[in-house]
Every structure is written in structure tokens, then in C-alpha cells.
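Participant: fold the following, please.
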Amino acid sequence: MWRGLLLTMLLAVLASPGAGQGGDRRDIESKLVALEKVGKLQAIQLKDLKMLSEVLDENYILVDQDGSLLNKAQVLAYVQKATSLQYFVSEMTVRLHGSTAIVTGVYRLSGVVAGRRIEQRIRFIDTWLEKEGKWVTIAGLSTPLT
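Facilitator: Now for the predicted structure:
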């Protein structure tokens, strides 16, 4: 049920006009916030690898909290092996630069990965690019907050 609802929400967001189609700046910012929350964070929580794969570019790269680099396949594998992950976003800002956007924010992560409990506050920066009328994230950076 959740996957169907998430897919419907994501499709509605993706179908709305984009930057190259005369879309209003606030509409684009709202779309990107929805993609962050639904396309990425909720997809991770629900282990919806199909949805997550749609919003991560094929050449996606993440600089993780420990400084390691993860590509798209490694991110998907991490999500798949996690027992549970929950994200709670406390702030998010979108900065548009033509067909590129920088999304910054803070989230609290809690869950279990490889039998180990994790609880962290993290600041993130995601770079989004509009490709062929669709927004995809091409890079991310996560850093822990103390």
C-alpha cells in the first residue's frame, strides 16, 4: 500500500512542469523537496529500491559521513542490507541554478544496519540535475552533527 502511494506521489511530482518547461520557481523547489522526502528518504525507509534507483543518476556519487565514496550500486546495496532505517527531516533549503539545484538540510537517522543500532543527526547536501525533463540527484554529501 505504501509503495503504491509513494509511487503515485512521485509520479505526480515528476509529471508537473519543470524548469525547462516554464515552471514557477516555487513549484520546482516544492518538487525537489518532495523528491528528497518521498523519492529518497521514504524510499530508503521502505527499501523501495526501484523508486530510489529512479531518482539516483546512473553516475551518482555520495561522500558518506566517514569520508568514503559510494556509487549508486553501493548505496542501493546498503539500503538493501539495512534492517530498518528512519529519517526525520528538520530543515531543508533548495537553491536553484538553472537546471541544477543544491538541496541542503538536516535529518535524524535511526535504524539498524548489519545488526548494529545507529542514531545520528546529519547535515546533507544533494546536487540535483534536470535531465530530459526529469530531476535526478547526481551527488550527495553527508556529515554528522554533534
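Participant: dump the residue contacts of the residue positioned nearest the centre of the chain.
Facilitator: For the chain, the residue lying nearest the average C-alpha position, counting by C-alpha atoms, centre = their mean, turns out to be residue 40 (3.4 Å). By C-beta atoms under 8 Å, 6 or more residues apart in numbering, the residues touching residue 40 are 52, 55-56, 126, 137. All C-beta atoms are positioned from the backbone trio N, CA, C, and that covers glycine.
Participant: quick check: the farthest pair among the residues you listed?
Facilitator: 52 and 126 (13.0 Å; C-beta to C-beta).
Participant: all strands in this structure, in order from the N-terminus.
Facilitator: 56-63, 69-71, 82-97, 100-113, 116-131, 134-145 (DSSP state E).
Participant: mind listing what's buried along the first one?
Facilitator: Going back to what we said before, that points to strand 56-63. 56-57, 60-62 (16 or more other C-beta atoms under 10 Å).
Participant: cool, and the fourth one?
Facilitator: The neighbour-count criterion (16+ other C-beta under 10 Å) identifies 101, 103, 105, 107, 109, 111 as the buried residues of strand 100-113.
Participant: circling back: please produce JSON lines containing the contacts of residue 40, extended by pLDDT.
Facilitator: As requested, these are exported to JSON lines (pLDDT from 0 to 100):
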{"residue": "52", "pLDDT": "95"}
{"residue": "55", "pLDDT": "96"}
{"residue": "56", "pLDDT": "97"}
{"residue": "126", "pLDDT": "97"}
{"residue": "137", "pLDDT": "97"}
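Participant: what would those residues look like in a markdown table with distance to residue 80?
Facilitator: Shown next, in a markdown table, are the contacts of residue 40 (distance: C-beta to C-beta, whole Å):
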| residue | distance to residue 80 |
| --- | --- |
| 52 | 10 |
| 55 | 16 |
| 56 | 14 |
| 126 | 20 |
| 137 | 18 |
